[in-house]
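In: Would you be able to build a 3D model of this:
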Amino acid sequence: MILRAPDGDEFILAGIDDFNREIELTRENKRFMRLLDSRGKQQVVPPLIAKWERLIGVKVDRLFVQRMKTKWGSCNPASNSIRLNTELAKKPPECLEYLVVHEMLHLIEPTHNTRFIALINRFMPKWQFYREVLNRLPVRHESWRY
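Out: Coordinates of the predicted model:
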C-alpha cells in the first residue's frame, strides 16, 4: 500500500495486502512515518495492527497519529479507530507494540476494569513492564530556546 500526502510525499507500507484503512497523512503523521523510517521501521505500525487483529479478534478501521501532550494513545470503540502519539516513534519498539495492543483491547473493553486487565494479561503478560518504561519517559520533548 502506498500512502500519499497532499504534498506528493509517498510512504510505502508493504507486507499487508488487506490494510485498506484510512490513515490520515497530516504533517505530524508524515513526521511519524519519517521517524519510523529513520529507525528502519517504516512498516512497523500497520503490520503490528494486522498481527494483533488476528490474535485478538478485532478490526481497526482507522489509524490516526498525532502529537499529544499527555497521552501515548487513545481509542474510539464506536468507530473502531485508534490514535497513537507521534512521540512513540522515538520510544523502544516493544513499547509501541504494547500501546497498539492496549488501544486495540479497548475495542473490546473501553475501560480499565478487571476485564480489561484480564485481557491485557492474556495477550501481553509483560505489559506492566512496558507501561513502566513508557511512564518513565517524557510523553513529549519540548525544545526551549533562549
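In: Buried residues of the strand or helix carrying Glu97, list them for me.
Out: Using DSSP states H and E, Glu97 maps to helix 93-105. By neighbour count with 16 or more other Cβ atoms under 10 Å, helix 93-105 contains the buried residues Cys95, Leu96, Glu97, Tyr98, Leu99, Val100, Val101, His102, Glu103, Met104, Leu105. Backbone N, C-alpha and C define where each C-beta goes, glycine included.
In: And for stretch 123-138?
Out: For stretch 123-138, by 16+ other Cβ under 10 Å, it's Met124, Trp127, Tyr130, Arg131, Leu134.
In: which residues touch the residue lying closest to Leu88 once chain neighbours are set aside?
Out: Leaving aside its sequence neighbours, Leu88 sits nearest to Leu96 (Cβ to Cβ, 6 or more residues apart in numbering; 5.0 Å). By Cβ atoms under 8 Å, 6 or more residues apart in numbering, Leu96 lies in contact with Val44, Val45, Leu48, Leu84, Leu88, Ala89.
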